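Novice: Next input, structure requested:
(2 chains)
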2 protein chains.
Amino acid sequence: MRIEDMTLISIDDHVVEPPDMFEGHVPEKYKGLAPKVEKNEQGNDNWVFQGASMGTMGLNAVVSWPAEEWGMDPAGYAEMRPGAYDIHARVRDMDRNGVLASMCFPTFAGFSAGFFQKAPDKDLAFAMLQAYNDWHVDEWCAAYPGRMIPIGISPVWNPEQMISEIHRLSAKGVRAVTMPELPHLQGVPSYHDLDYWGPVFQACSDTGTVMCLHIGAGLGALRLTPGAPIDNMIILATQVSVLAAQDLLWGPAMRTYPDLKIAWSEAGIGWIPFYLDRSDRHYTNQRWLRRDFGGSLPSEVFKAHSLACYVTDPAALKNRHEIGIETIAWECDYPHSDSIFPNAPEFVLNEMNNAGVNDDEINMITWQNSARFFGWDPFKHISASDATVGALRATATDVDVTIRPRAEWKKLYEAAHA
Amino acid sequence: MRIEDMTLISIDDHVVEPPDMFEGHVPEKYKGLAPKVEKNEQGNDNWVFQGASMGTMGLNAVVSWPAEEWGMDPAGYAEMRPGAYDIHARVRDMDRNGVLASMCFPTFAGFSAGFFQKAPDKDLAFAMLQAYNDWHVDEWCAAYPGRMIPIGISPVWNPEQMISEIHRLSAKGVRAVTMPELPHLQGVPSYHDLDYWGPVFQACSDTGTVMCLHIGAGLGALRLTPGAPIDNMIILATQVSVLAAQDLLWGPAMRTYPDLKIAWSEAGIGWIPFYLDRSDRHYTNQRWLRRDFGGSLPSEVFKAHSLACYVTDPAALKNRHEIGIETIAWECDYPHSDSIFPNAPEFVLNEMNNAGVNDDEINMITWQNSARFFGWDPFKHISASDATVGALRATATDVDVTIRPRAEWKKLYEAAHA
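Specialist: Now for the predicted structure:
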């Protein structure tokens, strides 16, 4: 495989929602009530809505900062690389990074709409959630056909509205919704409860909508050691995916809804062989529990429902056949601190080569598995020959990838907006 | 490798403490105050001490039961295979299973002496803890020289007593103490607190005593999904090892005490490559945190301090070079439900062959790594040629390995004790 011949779909990136995103998407009766970006006392940008406020965390958009400046401090738009929030800059950065298509998760809205769930007026919150989705589909994704794979957020606090929104989004071409890893941590029933979740799983199954369970939302499932440094939180975030898998595989979800599809977003993939071996051993060994997987092994059921997504996972790629070569998909995580920019193609191919991954397998991992799982044709708007790393990069030789201190980014922003 | 030429050390088994264990080990002033086995209202055997009681859980000693009868119900001695609590029967079972040597963790006492920690009179509790250790070393282990690798329990609630007990045990030839995975869950400071744990780590380092962190004790670190079936608890128990590793590797313990040795007992090994890759990536990527591993990678520090122990872990064995071939050790887990009895040699070799493990590596995993890590000479009392699976099994052709319903075990017991 030559670097320039690779095709890359990143199935997990992030959009920092731009301040004007609600314009044109709010119903007449709610005019003026949409979340607004305001500067707080420290001069940092915050989204404010119904008395709650939410910053755009520094660690969430540090691409092109020197690593020494990263941190959890809130930052404003002015300090970010514009690709974080500006679709035109974003697509240029994707070109430079050789990435054909991207799925962008929300920032202030929360991976499972947590920001809207907290709002006291739920009718208003649902209207704004729909406005978010419309903006995401009709502006962020529609601006460059073929470059963004749309993903919606859904009102986890209301099953009827979840179902109607999943159908509404599907009709708009949306392929996925981001959902909680462990919904009971958000005060709604767990995935074991089919009275609550069954009709939602059915709506996802009927529309082919993938449930994306992004790491982070379920961190509360771990009683993190008091006084431990921040490393614990960052390193252990992927451990929660196993807890979510457990609920969906050993609870009724996967076995009752054969068409239900789960993407393990930014979960890494190295936990999977261990978890599946342990699941199969438990199933065959603890026979007194009489669990019924319809004649299959738990590992087979898991693989039939799952897309396992990773940014970098060198040892796990050596175990790719235990995970299932059709189950693995690559992600870039732009513009977060784990992001591989602007040299994703080199980084990815090097990791593949070290693990002895052959060309067919590379194509499955870097784009084919994601395209199949999300039912998304990558070459509908762009020909395969124009979609390669080499072809995309040829259009973006002028993209500036200089690492700049945040203060310099701010100066550039102020000059551009003067 | 031929099955009969294998040598097996099992570095994690369990003893169900026999009812007479305290006889001869209790100081004069505490005579009559030792824990006692009493039948409760349901007719089940329970240990009773200072107002607390603790059963011997069914799932803890189900070897040679039909799997359909396993369960969490309390059972009495009468229903167990005698090897669970009788040292003479145990060694015969080890012979039949081809196991040269075994490390036996406690049952009612708790992996980190939790039963004694709960007792209101701590002086009395410490005396009984010492009595447990003396029984374990002077009776259970001494009965058959060379067959049992002694492991003590320690009073986690009192650092001075922990230190003195570690030194006392070391002088008696004990190679290890079983310690909590996450001590803060037991109401004492976490492993990040060197004021509390530093002198204990130093005592372990000075005496070459291994800290064994057996799964189960730290299960409270996971907020298990309400209403989830028991499968969650059993399958997810090994997830806690990552949390404990995080505290010891990213906290000060491993880096401040270069001779500190940690065995990850029954933790499985499949989590390790994923965790180490994630740790190394975090270290090299999140440079703003300025963590100091003395010029090594976190993965190197972890391996230098760790023995990774597993019962069965087929995919992980394929990743053995990422874990570190000198880091892996096998366990049998007799007499628990995960135990491989009486066909451990066949099971182990089959798993090794499927993973392409060569003969030298098999020897490292089945006995050499454990012997080195615990500083224990397996051939001091038994020659290497008498220690093989073939030689041990030749002495035990008459051991009955029939699977019997618990009611039949009870009849046999009653006949033997009539």
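Novice: which secondary element of chain A has the worst mean pLDDT?
Specialist: strand A:52-55 (a mean of 84; mean pLDDT, DSSP states H and E).
Novice: give the contact list for the spatially most distant residue from the centre of chain A.
Specialist: Here chain A reaches farthest from its C-alpha mean at residue A:288, the gap being 38.7 Å by Cα atoms, centre = their mean. Neighbour list for residue A:288: B:67, B:68, B:69, B:70, B:71 [criterion: Cβ atoms under 8 Å, 6 or more residues apart in numbering or on different chains]. C-betas here are computed from N, CA, C, even on glycine.
Novice: One more pass at 6 Å, please.
Specialist: B:67, B:68, B:70, B:71 (Cβ atoms under 6 Å, 6 or more residues apart in numbering or on different chains).
Novice: Likewise for residue A:322?
Specialist: A:273, B:315.
Novice: So, low pLDDT: which residues of the stretch 51-200 of chain A?
Specialist: Across the stretch 51-200 of chain A, residues meeting the criterion (pLDDT under 70) sit at A:57-59, A:72-74.
Novice: who's in contact with the helix or strand just after the least confident helix or strand of chain A?
Specialist: Following strand A:52-55 in sequence order, the next helix or strand is helix A:87-96 (DSSP states H and E). Helix A:87-96 is contacted from outside by A:82, A:83, A:140, A:143, A:144, A:147, A:342, A:392, A:395, A:396, A:399, using Cβ under 6 Å, 6+ apart.
Novice: before we move on, what about stretch A:349-367?
Specialist: By Cβ under 6 Å, 6+ apart, the list of residues contacting stretch A:349-367 reads A:1, A:3, A:7, A:8, A:9, A:314, A:317, A:318, A:325, A:328, A:330.
Novice: and if you look at stretch A:189-209?
Specialist: A:159, A:162-163, A:166, A:170, A:177, A:184, A:211, A:247-248, A:251-253, A:257, A:259-260, A:375, B:225, B:227-228.
Novice: now the residues you listed: which count as buried?
Specialist: Buried members of those, scored by 16 or more other Cβ atoms under 10 Å in any protein chain shown, are A:159, A:162-163, A:166, A:170, A:177, A:184, A:211, A:247-248, A:251-253, A:257, A:260, B:225, B:228.
Novice: Show me what from the stretch 101-250 of chain A comes close to chain B.
Specialist: Contact residues, the stretch 101-250 of chain A versus chain B (Cβ under 6 Å from any Cβ of the partner chain): A:190, A:192, A:221, A:223, A:225, A:227-228, A:231-232, A:235-236, A:239, A:242, A:246-247, A:250.
Novice: buried subset of those residues?
Specialist: Among those, those buried by neighbour count (16+ other Cβ under 10 Å) are A:190, A:192, A:221, A:225, A:228, A:231-232, A:235-236, A:239, A:242, A:246-247, A:250.
Novice: Return the set of buried residues in the helix or strand residue A:125 falls within.
Specialist: Per DSSP H and E: residue A:125 is located in helix A:122-135. Across helix A:122-135, burial judged by 16+ other Cβ under 10 Å covers A:124, A:125, A:126, A:127, A:128, A:129, A:130, A:131, A:132, A:133, A:134, A:135.
Novice: So the residue nearest to residue A:265 when sequence neighbours are not counted, which state does it fall into?
Specialist: Spatial nearest neighbour of residue A:265, chain neighbours left out: residue A:214 (4.0 Å); criterion: Cβ to Cβ, 6 or more residues apart in numbering or on different chains. The three-state label given to residue A:214 by DSSP: H, G, I helix; E, B strand; the rest coil is coil.
Novice: measure residue A:214 to residue A:268 for me?
Specialist: Applying Cβ to Cβ, to the nearest Å, the value for residue A:214 to residue A:268 is 12 Å.
Novice: next one: phi and psi at residue A:318?
Specialist: In terms of degrees, to the nearest 10, the main-chain angles of residue A:318 are phi -70, psi -20.
Novice: Leaving out sequence neighbours, find the closest residue to it.
Specialist: Nearest in space to residue A:318, with sequence neighbours left out and distances taken as Cβ to Cβ, 6+ apart, is residue A:355 at 4.8 Å.
Novice: distance of that neighbour from chain B?
Specialist: 10 Å (Cβ to the nearest Cβ, to the nearest Å).
Novice: repeat for residue A:416
Specialist: 27 Å.
Novice: Likewise for residue A:31?
Specialist: 41 Å.
Novice: And for that residue, the neighbour number?
Specialist: If you count neighbours by other Cβ atoms under 10 Å in any protein chain shown, residue A:31 ends up with 9.
Novice: Enumerate every residue touching it.
Specialist: So residue A:31 contacts nothing (Cβ under 6 Å, 6+ apart).
Novice: On the pLDDT front, check it for me.
Specialist: Note for residue A:31: predicted pLDDT of 92.
Novice: What's the separation between it and residue A:113?
Specialist: Counting by Cβ to Cβ, the gap between residue A:31 and residue A:113 amounts to 22 Å.
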